[in-house]
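Colleague: Structure for this input, please:
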Amino acid sequence: MTQEELFGLLHEVAHPELHNDIVTLGMVENPVVTDDKIQLTLLFPRSRDPFALSIKKRCEELIATRFPDYSGKISIFIKEAAPKKAAEKKEQKPFGGEDGVRRILAVSSAKGGVGKSTVTANLAVALSRLGYKVGILDADIYGPSQPMLFGVEDYRPEGEKKDGKDWILPAERFGIRIMSIGFFIDPADALMWRGPMATNALRQMIRQTLWGPLDFLLIDLPPGTGDVHLSIISEMSITGAIVVSTPQKVALADVVRGIAMFRNDKIDIPVLGLVENMAWFTPAELPENRYYLFGKEGVKMLAERQKLPLLAQIPLIQSVRESGDAGRPVSAKTDAASEYYDLLANNIVRELP
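Modeller: Numbers count the residues shown, from 1 in each chain. Below is the predicted model:
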C-alpha cells in the first residue's frame, strides 16, 4: 500500500455528525505506511467524541479488508485536535465569478418519481419570464434529467481561465444556465459511484462552474436525505427549500422526513413551502371534470399540519410531459399549463425574505 492509496481508502470514512469524510475534514495526522505496518492518528475536534471508536474501527476494517496483508499490523491512535486560533473570516462569494449568486433555492422531493425535475425546469423558466437571471445545478447525480428537459444532452462543457482560475462553462437554453453531471458521462453508462466520489464530483461542479451573475440558482436535489444533500448544504449558503410531492400517503411520509432534515438545528434551512404535483387529471374532452388519481389534496393538508404555505397545485397535464420529452419546458411557450408555473414562481418570490 502507498500513502496515496491509504488516503483514498480513508476518503470513504465519513464522520456522521460533521457530514464529510475524515480526510477532507483534516482528521488524519502523521500517516506512516511501510511494508510491515500502517500507523496514523485520528484528530477529533472535541474530547470524548461519541463517534471516535466507531470511526477508528471502520478505518481498521476497511484497510484490513482491502489490504489483508496488513491485518494485525494496523495502529490507529485517537487524539483531540488543538483548538484553532480565531481568525477573521474572509467574505467568500458563493461561486461563479465576480458578481456571484444572489439566492440559492433547493428543490427537493424526498421521494422519487413525483416530477421534481420537471417542476424545477419549468419554475426556472417561469422565474426567467419574470425578469430574473436563473441557473440550474442538476445535483440529482444518479439520475440527471435537466439535459433532456432542456434539449441539451449533446452539450459538452468547455473550460475558461479567469483571474488565474480554471472554470467550467454551463450550457444555456431559454435564458437558463444549466450544469449537470449528465454533461460528463455517456447516457448509457450507469453511475456506480461510492458516496465520496459522487459528492466530490458535485463539489467540483459547484465551485468551478462559471455561473456569472444570477438572481436565482435552483438546485435539483436527488430523492432522499443522504450524503449528496448534506454535501450541498455544507458547500452552499441556501436561501430556502421547496418540497415537491404527489398527494398520496406513500409520498407524503417521505416529505415529512425531508422537511425535518431542512428544519434540523444543524441545518436550519427555511422551507418556503410545498408544491402538490399531479394534483388531479382533467381530460381535454371533459374540461369540467377532475380525477384525483393520486388522492385529493394530500399535500395541501400536510402543508396545513406543518404550518407551511402551499405554493401551487399543478395538475397532471399531457403537454407538460410532451414538452419535457421534446426538450422544451412548457413554461417556455404560451400554454395553459404554463400558468401553474407562473403562479408557483410568483408565490415563491412572495415568500422570500
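Colleague: Below-threshold pLDDT in this protein: ranges please.
Modeller: 47, 82-99, 186-198, 225-227 (pLDDT under 70).
Colleague: How far does the strand of greatest length in it sit from its chain's centre?
Modeller: Counting residues, the longest strand in the chain under DSSP state E turns out to be strand 271-281. On the basis of CA atoms, centre = their mean, to the nearest Å, strand 271-281 is displaced by 19 Å from the centre of the chain it belongs to.
Colleague: helices or strands next to that strand in the packing?
Modeller: Packing partners of strand 271-281 (3 or more CB pairs under 8 Å, 6 or more residues apart in numbering; DSSP states H and E): helix 116-129, strand 240-245, helix 249-263, helix 298-306, strand 310-316, helix 338-351. C-beta here means a position set from N, CA and C on the backbone, and glycine is covered the same way.
Colleague: Please convert those to TSV, extending it with distance to Pro147 and mean neighbour count.
Modeller: Listed next are the helices and strands packed on strand 271-281 as TSV, based on distance: least, CB to CB, whole Å; neighbours: other CB atoms under 10 Å:
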stretch	distance to Pro147	mean neighbour count
helix 116-129	10	26
strand 240-245	20	26
helix 249-263	25	17
helix 298-306	28	18
strand 310-316	22	21
helix 338-351	20	19
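Colleague: how close does the nearest residue to Pro283 once chain neighbours are set aside sit to Pro45?
Modeller: Once flanking residues are discounted, Pro283 sits nearest to Asn289: 6.8 Å by CB to CB, 6 or more residues apart in numbering. Using CB to CB, to the nearest Å, Asn289 is found at 60 Å from Pro45.
Colleague: quick one, which of these two is more surrounded?
Modeller: More neighbours surround Pro45 than the other of Asn289 and Pro45, with 16 against 10 (other CB atoms under 10 Å).
Colleague: hang on, the more buried one packs against Phe51?
Modeller: No - with contact defined as CB atoms under 8 Å, Pro45 does not count as touching Phe51 (11.0 Å).
Colleague: Quick check: neighbours shared by those two?
Modeller: Residues touching both Pro45 and Phe51 (CB atoms under 8 Å, 6 or more residues apart in numbering): there are none.
Colleague: centroid residue for this protein?
Modeller: Per CA atoms, centre = their mean, the C-alpha nearest to the average position across the chain is that of Leu221, at 3.7 Å.
Colleague: Pretty sure that residue sits against Leu137.
Modeller: No - using CB under 8 Å, Leu221 makes no contact with Leu137, being 9.4 Å away.
Colleague: neighbours around Asn30, how many?
Modeller: Neighbour tally, Asn30, other CB under 10 Å: 10.
Colleague: Which strand or helix spans it?
Modeller: Using DSSP states H and E, Asn30 sits in strand 28-33.
Colleague: And that strand, how far out from the chain middle?
Modeller: That offset, for strand 28-33, works out to 32 Å (CA atoms, centre = their mean).
Colleague: end to end, how far does stretch 238-249 reach?
Modeller: For stretch 238-249, the first and last residues are 28 Å from each other (CA to CA, to the nearest Å).
Colleague: Do I have it right that Phe294 meets Val250?
Modeller: No - in this structure, Phe294 is not within contact of Val250 by CB under 8 Å, at 9.4 Å.
Colleague: As a check, name the ranges of all helices in the chain.
Modeller: Applying DSSP state H to the chain gives helices spanning 3-10, 52-66, 116-129, 146-149, 195-208, 227-235, 249-263, 298-306, 318-325, 338-351.
Colleague: any chance of those helices in a markdown table, with distance to Lys37 too?
Modeller: Output for the helices of the chain, formatted as a markdown table (distance: least, CB to CB, whole Å):
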| stretch | distance to Lys37 |
| --- | --- |
| helix 3-10 | 12 |
| helix 52-66 | 11 |
| helix 116-129 | 50 |
| helix 146-149 | 48 |
| helix 195-208 | 25 |
| helix 227-235 | 32 |
| helix 249-263 | 42 |
| helix 298-306 | 54 |
| helix 318-325 | 57 |
| helix 338-351 | 57 |
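Colleague: and of these, who's closest to Asn20?
Modeller: helix 227-235 (6.5 Å; CB to CB).
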